[in-house]
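Asker: After the sequence you'll find the predicted model.
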Amino acid sequence: LSERLETAFKQVKGQGRITDLNVAATVKEIRKALVDADVNYKIAKEFTDKVKDKATGEKVINAISPGQLMVKIVKDELAGLMGGEASELVLKGNPAVILIAGLQGSGKTTFSGKLANYLKLKKGKSPLLVAADIYRPAAIDQLKVLGGQIGVDVYSEPDTKDAVQIARNAVKEAHSKNKNVVIIDTAGRLAVDEAMMAEVAAIKDAVQPQEILFVVDSMTGQDAVNTAKVFNDRLDFGGVVLTKLDGDTRGGAALSIRYIVDKPIKFVSSGEKLDTLDVFYPERMAQRILGMGDITTLVEKAQEQFDAEQAARLEKKIRKNQFDFADFKQQLEQIKKMGNIKDLLGMIPGVGKAVKDLDISDDAFKGIEAMINSMTPEERANPDVIDLSRRKRIAKGAGKDVSEVHQFMKQFDQMRQMMKMMNKMPMGRMGVPRG
Ligand code: GDP
Ligand code: MG
């Protein structure tokens, strides 16, 4: 029997549809996976609620593979949440001034180098890098080394202790040297602090950048969201750069940041090499979040689990000889939803031979349902109480002749006998956990 069940549900799974129940189970798994991938719980919940609505919608009813479809819905929703389309860098003005802000160690200096390289090679620009981090003596050297590697000039004033002044002078320098993009690499602190915010806001006021990019380390997870919010409140930045995606990070921060500050992620950076800067594609990030959170597998597992649970419940009832009209009706409903009645009917445990041989047509099938519908819940649960007067009532209610009710009752009884016999076969009980 267990082998039968296994085959039956395997096939059901293949041709199945998304039901409310397996959606609920799946969505719960997805939510857990998102939270594990550093997505804020509230966002994850709101997101999965949306997925749930979509999954239970009209379109998915005839899905060929519910698992795959769920994955697609999740992926599309994720991509949509992150902006759908890639978002362009603002390069207006001559020079176009780009201000880089973020915490210390987030990857600002490295990104500045990558961006300069990208603009030079991919956009044919002539950038000027500006070392406006006046607190760490090594900062200027770091930028100079990067500039040297990509052949981009670096503007610095080692003795000036005023980042705003340096930024202003750098823009003048760009004018005189025909640089059409100025990338200002600023200082950061280990945590958000007022002095840093005031300084970077002052630079913004002084040079009126066309673009402000907030750089954030994707490994910082939930913290990244809070930091993004503070920076955005102060700077109203134009875009986000997600760095260190080469590490063991799940990218959930991308989702949360986009959601909380409603600013596009414009670049993703992975690795310390200068040519590892990528324009942010929501679709790809969705794939990554799905992949890293292993949502694809989770979705499939959740579906399997649902099928297995249902099968186990049914199997238990059959084993105790408690299979009744209510179970039968439930099975019929399942089958109806899946269409293709004749093929699927044989998958009901025990029904196979007894009913398949009778070559039940769709109409007969409807008749059976009508008869079960005419039964009281008590009758469904205890088929034995259905005497002649009840049969007459059922026939009337279903618009059938009482002989048809007799026949159906007889078939149902045969089916139950067969289940009983199968229960006695030791082989049939192998492999299914007893409950
Ligand atoms: P800043 O303090 O914001 O200027 O950060 P830095 O650019 O100096 O980067 C801090 C550290 O992170 C350095 O050791 C970088 O080499 C490293 N780093 C920056 N970006 C990435 C990245 O995308 N991937 C990896 N693995 N390391 C990075
Ligand atoms: Mg730096």
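Answerer: Okay, I see it. Ligands and ions are numbered 1, 2, ... in the order given.
Asker: and the stretch 151-300 of the chain, which residues reach ligand 1?
Answerer: Contacts of the stretch 151-300 of the chain with ligand 1, taken as Cβ under 6 Å from any ligand atom, map to 188, 243, 244, 246, 247, 269, 270, 271, 272. Placement of C-beta: from N, CA and C, glycine included.
Asker: Can you tell me which one of those sits lowest on pLDDT?
Answerer: Ranked by pLDDT, these bottom out at residue 247, which scores 70.
Asker: so that one is in which element?
Answerer: Applying DSSP states H and E as the criterion places residue 247 outside every helix and strand.
Asker: What does the pLDDT read for the nearest residue to it once chain neighbours are set aside?
Answerer: The shortest distance from residue 247 to any non-neighbouring residue, by Cβ to Cβ, 6 or more residues apart in numbering, is to residue 219 (5.3 Å). Here the pLDDT value assigned to residue 219 is 83.
Asker: Quick one: low-confidence residue ranges for the stretch 251-400 of the chain.
Answerer: 251, 290-310, 333-364 (pLDDT under 70).
Asker: The residue nearest to residue 247 - that's part of a helix, no?
Answerer: Yes: under DSSP: H, G, I helix; E, B strand; the rest coil, residue 219 falls within a helix.
Asker: Give me the number of neighbouring residues for it.
Answerer: For residue 219, the count of nearby residues is 18 (other Cβ atoms under 10 Å).
Asker: all strands of the protein, in order?
Answerer: 96-102, 127-132, 153-155, 181-186, 211-217, 239-243, 265-269, 277-279 (DSSP state E).
Asker: on contacts alone, who are the packing partners of the last one?
Answerer: Using 3 or more Cβ pairs under 8 Å, 6 or more residues apart in numbering; DSSP states H and E, the elements in contact with strand 277-279 are helix 108-123, strand 265-269.
Asker: Return the set of buried residues in it.
Answerer: For strand 277-279, burial by neighbour count (16 or more other Cβ atoms under 10 Å) applies to 277, 278.
Asker: which residues are in contact with that strand?
Answerer: 86, 111, 114, 115, 117, 118, 266, 267, 268, 269, 270 (Cβ atoms under 8 Å, 6 or more residues apart in numbering).
Asker: ok, now which ones touch residue 139?
Answerer: Residues near residue 139 by Cβ under 8 Å, 6+ apart: 109, 131, 133, 185, 187.
Asker: Let's see the pLDDT reported for the most centrally placed residue in the chain.
Answerer: For the chain, the residue nearest the mean C-alpha position is residue 74 (4.1 Å; Cα atoms, centre = their mean). On pLDDT, residue 74 comes in at 78.
Asker: for the one 5 residues further on, same thing?
Answerer: According to the model's per-residue confidence, residue 79 sits at a pLDDT of 84.
Asker: Just to check, it is in contact with residue 288?
Answerer: No: using Cβ atoms under 8 Å, residue 79 is not in contact with residue 288; the gap is 10.9 Å.
Asker: Roughly how far does the closest residue to ligand 2 within the chain sit from ligand 1?
Answerer: Nearest residue of the chain to ligand 2 (Cβ to the ion) works out as residue 109 at 3.2 Å. Distance of residue 109 to ligand 1, given as Cβ to the nearest ligand atom, to the nearest Å: 3 Å.
Asker: about what we covered before: drop anything exposed from the residues of the stretch 151-300 of the chain next to ligand 1.
Answerer: 188, 243, 244, 269, 270.
Asker: Columns distance to ligand 2 on top of the contacts of strand 277-279, output as CSV?
Answerer: Conversion of those to CSV gives the following (distance: Cβ to the ion, whole Å):
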residue, distance to ligand 2
86, 26
111, 9
114, 13
115, 13
117, 16
118, 18
266, 19
267, 16
268, 18
269, 13
270, 18
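Asker: Can you tell me which of those residues lies closest to residue 238?
Answerer: Using Cβ to Cβ, residue 266 comes nearest to residue 238 of these, at 7.8 Å.
Asker: give the contact list for that closest one.
Answerer: Contacts of residue 266 (Cβ under 8 Å, 6+ apart): 87, 88, 89, 213, 238, 239, 240, 241, 279, 280.
Asker: what's the nearest residue to it if we skip its chain neighbours?
Answerer: Leaving aside its sequence neighbours, residue 266 sits nearest to residue 239 (Cβ to Cβ, 6+ apart; 3.7 Å).
Asker: Touching, the residue of the chain closest to ligand 2 and residue 147? I think so.
Answerer: No: with contact defined as Cβ under 8 Å, residue 109 does not count as touching residue 147 (10.5 Å).
Asker: Tell me which of those two has more neighbours.
Answerer: Using other Cβ under 10 Å, the more surrounded residue of residue 109 and residue 147 is residue 109, with 27 against 22.
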